[in-house]
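**Student:** My questions are about this predicted structure, shown below with the sequence.
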Amino acid sequence: DTEVTQTPKHLVMGMTNKKSLKCEQHMGHRAMYWYKQKAKKPPELMFVYSYEKLSINESVPSRFSPECPNSSLLNLHLHALQPEDSALYLCASSQVEYPGANVLTFGAGSRLTVL
Amino acid sequence: GEDVEQSLFLSVREGDSSVINCTYTDSSSTYLYWYKQEPGAGLQLLTYIFSNMDMKQDQRLTVLLNKKDKHLSLRIADTQTGDSAIYFCAESIPNDYKLSFGAGTTVTVRA
């Protein structure tokens, strides 16, 4: 298995909803990432987990709450989002768990629309 | 993305070679990467090069790295319609999980 699987592929939510994005990989990667990508822009790093512990939070608003329940799963919990949070959310993982050699495998993304 | 720069658009005829250029500023870069993104999809790692290498070839792809000028290029031989996509150059630096991405080059292959 050489894939990163993200669900759902599309999500539409209101500003008062609570929803979650899920990410799964079975490559034995011990670093997992959430990126946010707006249309026609490069991805922006949000969070990094290393060995299931949060290593990096790029000053992301608290309405985004990551969770790494085990080495294969990564969740992103969403609450009270704003329309400007609409974007493609990409999960990634990497085999090399030390920084600086980040050959990332990306999922196909979850496209989020906030109404 | 301001540390990594790419031209925004490239149009190429089917069967010709494409060359996508990228410049970066951090001389301590460890790896440099090329990712491809097709419409509505995630990023696909095409190839990467370690910073002490000058060139890497993988089938139709050739990566050239000029470390002195901090210039990276990706050559795609015999470009096909399936190569139409956005190509992102990225760099990583020691002790940092972050990848610095360029703005992406939109490659359009015309018949």
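**Tutor:** Perfect, I can see it now.

**Student:** Would you mind giving both backbone torsions of the residue nearest to B:Thr81 when sequence neighbours are not counted?
**Tutor:** Spatial nearest neighbour of B:Thr81, excluding adjacent residues (Cβ to Cβ, 6 or more residues apart in numbering or on different chains): B:Val109 at 5.1 Å. In short, each C-beta sits where N, CA and C put it, glycine included. When read as degrees, to the nearest 10, the backbone of B:Val109 gives phi -100, psi 120.

**Student:** Contacts only, for B:Val109.
**Tutor:** By Cβ atoms under 8 Å, 6 or more residues apart in numbering or on different chains, B:Val109 lies in contact with B:Val12, B:Arg13, B:Glu14, B:Ser18, B:Thr79, B:Gln80, B:Thr81, B:Asp83, B:Ser84.

**Student:** Pull up the gap between the spatially closest residue to the second one that is not a sequence neighbour and chain A, please.
**Tutor:** Ranked by Cβ to Cβ, 6+ apart and with sequence neighbours excluded, the top spatial neighbour of B:Arg13 is B:Arg110, at 5.8 Å. Distance, B:Arg110 to chain A, by Cβ to the nearest Cβ, to the nearest Å: 20 Å.

**Student:** thought B:Arg110 was touching B:Val12?
**Tutor:** Yes. Counting by Cβ atoms under 8 Å, B:Val12 is a contact partner of B:Arg110 at 7.3 Å.

**Student:** Look at these two and report which has more neighbours.
**Tutor:** Set B:Arg110 next to B:Val12 and count neighbours by other Cβ atoms under 10 Å in any protein chain shown: B:Val12 wins out with 18 against 11.

**Student:** if I look at the more buried one, how far off is B:Thr108?
**Tutor:** In this view, B:Val12 and B:Thr108 are 7 Å apart by Cβ to Cβ, to the nearest Å.

**Student:** how about low-confidence regions in the chain?
**Tutor:** I'll assume chain A. A:1, A:97-99 (pLDDT under 70).

**Student:** To clarify, I was referring to chain B.
**Tutor:** Counting by pLDDT under 70, chain B has low-confidence residues at B:1-2.
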